[in-house]
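Undergrad: I'll drop the sequence and a predicted model, then ask my questions.
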Amino acid sequence: MHFQIKKDEMYNHIPEIIKKEFPNFDPIFNEDDGIYLIFGDFLRFIENNKNNERILKKTCKMLNYLLSEGGHKTEELIIIQIYDCIQDDNLLISFLEDNLDKNAKEKLEFLFK
């Protein structure tokens, strides 16, 4: 059996993607602090804006993109940070379940149980 590991070019560009898609997001961390801290900070931004449907829909669109185009490191980052930041937020979980594509839902299935 031969396995091919998908190179994860997306991972290092996540902060740029977030900044481009969400210009109002002003992270307290910079890229030198690491992607995990920036993405966690971004999820707190989402929690603070969970009543803004436009921001939530853009978030779902971005997550769909990252989870389809990114590799293992991108997927791991998203799973760990989402679990850590929003696992108890039923409103956000419900929105994600209604708006993520099939691929993203499968990768985040632990949220929807």
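TA: Now that the structure is in, tell me what you want to look at.
Undergrad: Could you check the pLDDT of L111?
TA: Looking at L111, its pLDDT is 79.
Undergrad: Stretch 72-81: which residues count as buried?
TA: Within stretch 72-81, the residues scored as buried using 16 or more other C-beta atoms under 10 Å are K73, T74, E75, L77, I78, Q81. Using the backbone N, CA and C atoms, a C-beta is placed for each residue, glycine as well.
Undergrad: check contacts around N103.
TA: Neighbour list for N103: N64, L67, S68 [criterion: C-beta atoms under 8 Å, 6 or more residues apart in numbering].
Undergrad: buried stuff in the host helix or strand of it?
TA: Secondary structure assigned from DSSP states H and E places N103 in helix 102-107. By 16+ other C-beta under 10 Å, the buried positions in helix 102-107 come out as A104, K105, K107.
Undergrad: Dump those into a markdown table; add distance to D32 and pLDDT as well.
TA: As requested, these are arranged in a markdown table below (distance: C-beta to C-beta, whole Å; pLDDT from 0 to 100):
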| residue | distance to D32 | pLDDT |
| --- | --- | --- |
| A104 | 29 | 94 |
| K105 | 33 | 92 |
| K107 | 28 | 90 |
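Undergrad: Around D88, count how many other residues there are.
TA: Each residue near D88 was counted by other C-beta atoms under 10 Å, and the total is 7.
Undergrad: Kindly report the same for M10.
TA: Each residue near M10 was counted by other C-beta under 10 Å, and the total is 20.
Undergrad: okay, it: pLDDT?
TA: You'll see M10 listed with a pLDDT of 90.
Undergrad: wait, what's in contact with the spatially closest residue to it that is not a sequence neighbour?
TA: The shortest distance from M10 to any residue other than its chain neighbours is 3.6 Å, reached at G70 (C-beta to C-beta, 6 or more residues apart in numbering). Residues in contact with G70 (C-beta under 8 Å, 6+ apart) are D8, M10, Y11, I78.
Undergrad: swap in E106?
TA: When contacts are counted by C-beta under 8 Å, 6+ apart, E106 touches no other residue.
Undergrad: I appreciate the help and will end here.
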